[in-house]
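**Student:** With the sequence up front, the predicted model follows.
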Amino acid sequence: MDAPEDLQFLAEEPCVVIDEVSMRYRVPSSETVPGSRNGIGGLMRRITGKPNLVTVNALKPMSLVAVRGESIGIVGRNGSGKSTLMKLIAGQANPDTGAVYASSTPIMLGVNAALVPELPGDHNVVLGCLAMGLTYDQIAERYESIVELSGLEKAIHLPMRSYSSGMSSRLRFAIAASIDPEILLIDEALNTGDAQFADRSRKRMDELRENAGCVFLVSHSLETITEMCSRVVWMDKGDLLMDGEPRDVVKAYKDFTRHLSKGNNISAAKIRTDAMEALTVTRIQERSTGRRSAKVQ
């Protein structure tokens, strides 16, 4: 799908355009509503009765442009909307407002491939690769490298139900990493396995990053984000707070979480507000010049 006309000015070739995208969920809540009974009696009534539904703003309206060659890290606390954004980019969910435009089909690289525990690992390699669209010839070409990356050696011939959780994660990652997409989405895929596997997986990620048009990486490892990304965005409670150089954004995020951990909520709130206001000012300045940045819209 072509990007909107007001985004056609971009000098650099965009891979992904996120245009005023937002998403809300309606989820059940056990929170007491006005007029309801409190105490254990009220709790039992809420458990056995009709659940109280509340609206959660998983992602508030935001826009972003990723250009070819960029590696964009996404940081934020749990519940900040990081995974929701990745699902929207991947096409796994539809936004309530706005739209996502991509130059090709984004591929989510993760460790949650649906494999069959009763089958041996080598059979699951074939099944997993077929599910991702590889041909039998392509699977044959990549089979040895998949097994090598997984580090399973002879265990590859045993049923997956006999694997430890770490072994299963390594195999899933190795299968998922066997493709070379133009737009690559990585959601916590590097946080599995032991130190030796982590080294192998990072090397493979470097290769994928070099071959991909652009990469989105979600990780709680700020060191990984700083090392692997050319740009970082910070999200919190569905808001896009900051978008810029990795070290600057990671520093602001670390200062924010440090104040929160010490109970300095007012100081943390000020950091959050300052970051959001600075982003707003940047947008206004870019629009007043008649030419917006390819990084932040």
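**Tutor:** That came through fine. Residues are numbered from 1 along each chain as shown.

**Student:** Distance from stretch 126-146 to the middle of the chain?
**Tutor:** Relative to its chain's centre, stretch 126-146 lies at 25 Å (C-alpha atoms, centre = their mean, to the nearest Å).

**Student:** now stretch 245-262
**Tutor:** Here stretch 245-262 is found 19 Å from its chain centre; the criterion is C-alpha atoms, centre = their mean.

**Student:** all numbers from here: first residue = 38
**Tutor:** Understood, numbering begins at 38; the last thing we discussed is stretch 282-299.

**Student:** tell me which residues in it are buried?
**Tutor:** Within stretch 282-299, the residues scored as buried using 16 or more other C-beta atoms under 10 Å are P283, V286, V287, A289, Y290, F293, T294, H296, L297. No exception for glycine: its C-beta is placed from N, CA and C like everyone else's.

**Student:** Just say helix, strand or coil for the last one.
**Tutor:** At L297 the chain is in helix, as set by DSSP: H, G, I helix; E, B strand; the rest coil.

**Student:** how many neighbours does the closest residue in space to it that isn't next to it in sequence have?
**Tutor:** Leaving out its chain neighbours, the residue that sits closest to L297 by C-beta to C-beta, 6 or more residues apart in numbering is A305, at 4.7 Å. By the criterion of other C-beta atoms under 10 Å, A305 has 19 neighbours.

**Student:** Next: M60.
**Tutor:** For M60, the count of nearby residues is 22 (other C-beta under 10 Å).

**Student:** next one: E190
**Tutor:** Neighbours around E190, by other C-beta under 10 Å: 9.

**Student:** who's in contact with it?
**Tutor:** Residues near E190 by C-beta atoms under 8 Å, 6 or more residues apart in numbering: V184.

**Student:** what's the spacing between the helix or strand harbouring T317 and its chain's center?
**Tutor:** According to DSSP states H and E, T317 maps onto helix 302-325. Distance, stretch centre to chain centre, for helix 302-325: 23 Å (C-alpha atoms, centre = their mean).

**Student:** coming back round to it: hang on, the residue nearest to L297 packs against S298?
**Tutor:** No - A305 lies out of contact with S298 (C-beta atoms under 8 Å); the separation is 9.1 Å.

**Student:** follow-up on the earlier one: taking the buried residues of stretch 282-299 one by one, which sit in helices?
**Tutor:** Counted as lying in helices by DSSP state H, out of the buried residues of stretch 282-299, are P283, V286, V287, A289, Y290, F293, T294, H296, L297.

**Student:** how close does the fifth one sit to E314?
**Tutor:** Relative to E314, Y290 is positioned 16 Å away (C-beta to C-beta, to the nearest Å).

**Student:** Show the model's pLDDT score for L195.
**Tutor:** L195 carries a pLDDT score of 97 in this model.

**Student:** pLDDT below threshold where in the stretch 138-287 of the chain?
**Tutor:** 147-151, 225-231 (pLDDT under 70).

**Student:** Tell me which stretches of it form helices.
**Tutor:** Under the criterion DSSP state H, counting those that start in this stretch, the stretch 138-287 of the chain contains helices at 158-168, 173-187, 202-213, 232-248, 259-265, 283-298.

**Student:** Next, the angle helix 232-248 makes with the second one.
**Tutor:** Translated: helix 173-187. Using axes from the mean of the first three to the mean of the last three C-alpha atoms, to 10 degrees, the inter-axis angle of helix 173-187 relative to helix 232-248 is 140 degrees.

**Student:** now what about helix 173-187, what contacts it?
**Tutor:** Contact with helix 173-187 is made by 158-159, 162-163, 166-167, 171, 190, 193, 204, 207-208, 210-212, 214-215, 237-238, 241, as judged by C-beta under 8 Å, 6+ apart.

**Student:** Now, of those residues, which are buried?
**Tutor:** 158, 162-163, 166, 171, 193, 204, 207-208, 210-212, 214-215, 237-238, 241.

**Student:** can I see the domain layout of the protein?
**Tutor:** The record's domain parsing of the chain by automatic domain parsing lists 50-59+99-143+218-334, 151-217.

**Student:** next one: the last one to chain centre, how far?
**Tutor:** Just to be clear, that refers to domain 151-217. For domain 151-217, the distance to the chain centre is 23 Å (C-alpha atoms, centre = their mean).
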